[in-house]
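Colleague: Show me the folded form of this:
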Amino acid sequence: MKTYIVGGAVRDRLLGLPVADRDHVVVGATPDDMIALGYQPVGKDFPVFLHPQTHEEYALARTERKSGHGYKGFTVYAAPEVTLEEDLRRRDLTINAIAEDESGALIDPYGGQRDMAARIFRHVSEAFAEDPVRILRVARFAARFNDFVVAADTNALMRQMVDNGEVDALVPERVWQELARGLMEIQPSRMFQVLRDCGALARLFPEIDRLFGVPQPPVHHPEIDTGVHVMLVVDWAARQGMSLPVRFAALTHDLGKGVTPPALWPAHHGHEAKSVDLVRALSERVRVPVDCRDLAVAVARDHGNVHRALELRPGTIVELLERVDAFRRPERFDAFLQACECDFRGRPGYEEKPFPAPGYLRQALLAAQTIDAAEVARNAKPAGIREAIFQARIQAVAAWRDHGAGVERK
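Modeller: Residues are numbered from 1 along each chain as shown. Presented below is the predicted three-dimensional model:
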């Protein structure tokens with residue numbers, strides 16, 4: 001019985017990165033051997049055990065054989081005679097197929113260190129093609145390790161998997177899981193570039209794929225291409241350390257521009273309402289969590305109003321505040337404004353430009369919150385309470401704008 005550290009822990013140590021979790025492979029043991037040593041069995045699909053003291057995962061060396069469609073269609077074989085090299089061969093990328101023994105020696109039968117030095121993502125074997133999740137994983141790794149590139153033969157294999165319909169078998173929850181993790185990496189745009197290069201973006205996220213090549217007015221968008229703009233926006237959100245809901249909203253805020261008839265380009269009148277419908281459809285299809293979906297809908301619908309905030313009438317401002325639930329959920333209002341600022345900044349030359357709209361709207365909310373809603377309600381007829389509060393808020397915002405908003409408007 002021999003144990004090895006494998007996968008991400010070895011990879012990250014060699015790259016000089018912090019090691020969060022350590023996974024182990026055990027060669028030459030049976031499940032009964034592990035239990036006799038005090039390990040706790042936890043694996044459902046194959047034998048995985050928790051160490052009695054460290055609680056780190058130890059998996060028996062195994063092989064996998066394709067037995068069905070999709071990423072769950074595998075027959076797993078774990079037995080003492082399975083070698084370390086056989087176990088490593090079933091892994092996705094060479095940089096993830098390096099093992100370290102108990103003395104610290106590296107076992108690297110598939111050239112992982114060579115590819116690491118060359119900054120290349122390369123599949124270990126043709127077995128890569130049996131699991132479509134690996135396409136998403138490679139794309140996510142590209143967003144994390146943003147100086148690596150996908151090997152040409154690996155990209156060709158991923159394209160073949162797309163053409164064969166393998167990605168169509170992915171379950172929505174797993175697609176969202178990988179998308180969410182990719183959005184939280186340091187350069188999310190690289191995830192979408194890798195998916196686009198192999199054709200998977202059009203199959204998994206057609207709403208995003210069709211943004212590329214769609215022009216916008218150069219006077220407002222020096223980058224012109226809508227897809228390029230959206231990638232700049234998500235990367236800006238990542239550089240600012242924004243939350244997942246903000247990053248998802250940044251990704252989806254302009255989906256409606258992808259369905260503008262070409263005859264109307266580069267204008268995209270009414271794209272906000274179209275964007276809302278497309279955000280809802282995408283969110284339903286890949287099971288996007290409610291907090292991400294709702295923020296994305298709000299940003300898709302009203303990011304244009306935020307950009308025009310200083311031109312809006314007091315009544316329109318209060319309508320916007322109520323529509324995005326700013327009075328009841330000020331923390332989500334902050335996230336809403338953050339996503340809108342990412343949209344503003346995701347344009348060449350706009351990274352350092354003044355953008356007073358978020359501060360202006362935050363001050364407008366404070367002004368509207370100065371009214372005593374309970375007092376207004378007591379002095380109104382029951383059927384007119386909502387309208388009375390609305391009018392009182394308008395008056396408060398108007399008074400603030402006329403007397404105290406000069407600094408914010410500059």
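Colleague: Find the centremost residue of the protein, please.
Modeller: Centroid-nearest residue in the chain, with C-alpha atoms, centre = their mean: Leu183, separated by 2.6 Å.
Colleague: Now do the phi/psi pair for it.
Modeller: As for Leu183, its main-chain torsions (degrees, to the nearest 10) stand at phi -60, psi -30.
Colleague: what residues are up against it?
Modeller: By C-beta atoms under 8 Å, 6 or more residues apart in numbering, the residues touching Leu183 are 143, 191, 234, 238, 244, 247-248, 251. Every C-beta, even on glycine, is put in place using the N, C-alpha and C of the backbone.
Colleague: same thing but at 7 Å, please
Modeller: The contact partners of Leu183, by C-beta atoms under 7 Å, 6 or more residues apart in numbering, come to 234, 244, 247-248, 251.
Colleague: Repeat that for Arg332.
Modeller: So Arg332 contacts 295, 325 (C-beta under 7 Å, 6+ apart).
Colleague: And it, how close does it get to Gly315?
Modeller: Here Arg332 is placed at a distance of 22 Å from Gly315 (C-beta to C-beta, to the nearest Å).
Colleague: do the same with Val42
Modeller: Between Val42 and Gly315 the computed distance is 58 Å (C-beta to C-beta).
Colleague: go on, Pro41?
Modeller: 64 Å.
Colleague: who has more neighbours, the two?
Modeller: Per other C-beta atoms under 10 Å, whichever of Pro41 and Gly315 has more neighbours is Gly315, with 15 against 12.
Colleague: quick one: contacts for that one?
Modeller: Taking C-beta under 7 Å, 6+ apart, one finds Ile394 in contact with Gly315.
Colleague: next SSE after the host helix or strand of it?
Modeller: In the assignment (DSSP states H and E), Gly315 maps to helix 314-323. Next helix or strand after helix 314-323 toward the C-terminus (DSSP H and E): helix 330-345.
Colleague: surely Asn146 meets Ile186?
Modeller: Yes - Asn146 is within contact range of Ile186, at 6.1 Å (criterion: C-beta atoms under 7 Å).
Colleague: Looking at these two, which is more packed in?
Modeller: With neighbours defined as other C-beta under 10 Å, Asn146 and Ile186 compare such that Asn146 has more, 17 against 12.
Colleague: What residue, apart from its backbone neighbours, is nearest the more buried one spatially?
Modeller: If the residues on either side of it in the chain are set aside, Asn146 comes closest to Gln187, at 4.2 Å by C-beta to C-beta, 6 or more residues apart in numbering.
Colleague: State the distance from the closest residue to Met184 other than its chain neighbours to Phe336.
Modeller: Nearest non-adjacent residue to Met184, counting by C-beta to C-beta, 6+ apart: Leu244, 6.0 Å away. Using C-beta to C-beta, one gets 14 Å for the distance from Leu244 to Phe336.
Colleague: Of the two, which one has the most company?
Modeller: Per other C-beta under 10 Å, whichever of Leu244 and Phe336 has more neighbours is Phe336, with 27 against 17.
Colleague: Quick one: residues contacting the more buried one.
Modeller: By C-beta under 7 Å, 6+ apart, Phe336 lies in contact with 295, 298-299, 324.
Colleague: And the helices in the stretch 1-150 of the chain?
Modeller: For the stretch 1-150 of the chain, applying DSSP state H, counting those that start in this stretch gives helices covering 8-14, 31-36, 84-89, 112-118, 133-144.
Colleague: cool, the stretch 201-350 of the chain as well?
Modeller: 206-209, 226-239, 244-252, 271-285, 290-307, 314-323, 330-345.
Colleague: Mind checking the ones you listed for the one nearest to Ala99?
Modeller: Among those, the nearest to Ala99 by C-beta to C-beta is helix 226-239 (31.9 Å).
Colleague: returning to what we had before: now the helix holding Gly315: buried residues?
Modeller: Using 16 or more other C-beta atoms under 10 Å as the test for burial, helix 314-323 gives 314, 317-322.
Colleague: One more: stretch 236-246?
Modeller: Result for stretch 236-246 [16+ other C-beta under 10 Å]: buried residues 236-238, 242-246.
Colleague: Show me which of the contacts of Phe336 are buried.
Modeller: By 16+ other C-beta under 10 Å, the contacts of Phe336 give 295, 298-299, 324 as buried.
Colleague: pLDDT below threshold where in the stretch 51-200 of the chain?
Modeller: Along the stretch 51-200 of the chain, the parts satisfying pLDDT under 70 run over 65-75.
Colleague: Mind doing that once more with 90?
Modeller: Residues of the stretch 51-200 of the chain meeting the criterion pLDDT under 90: 62-81.
Colleague: ranges for the strands of it?
Modeller: Under the criterion DSSP state E, counting those that start in this stretch, strands of the stretch 51-200 of the chain are mapped to 57-60, 62-66, 74-78, 99-100, 106-107, 120-121, 149-150.
Colleague: Touching the last one from outside, list them.
Modeller: Under the contact criterion C-beta under 7 Å, 6+ apart, strand 149-150 has outside partners 119-121, 138, 142, 194.
Colleague: now do 8 Å
Modeller: Strand 149-150 has contacts (C-beta under 8 Å, 6+ apart) with 119-121, 138, 142, 158, 194, 197.
Colleague: out of those residues, which are buried?
Modeller: Of the contacts of strand 149-150, these count as buried by 16+ other C-beta under 10 Å: 120-121, 138, 142, 158, 194.
Colleague: Which two of those have the greatest separation?
Modeller: Across the buried ones among the contacts of strand 149-150, the longest distance by C-beta to C-beta is 14.2 Å; it joins Ile120 and Met158.
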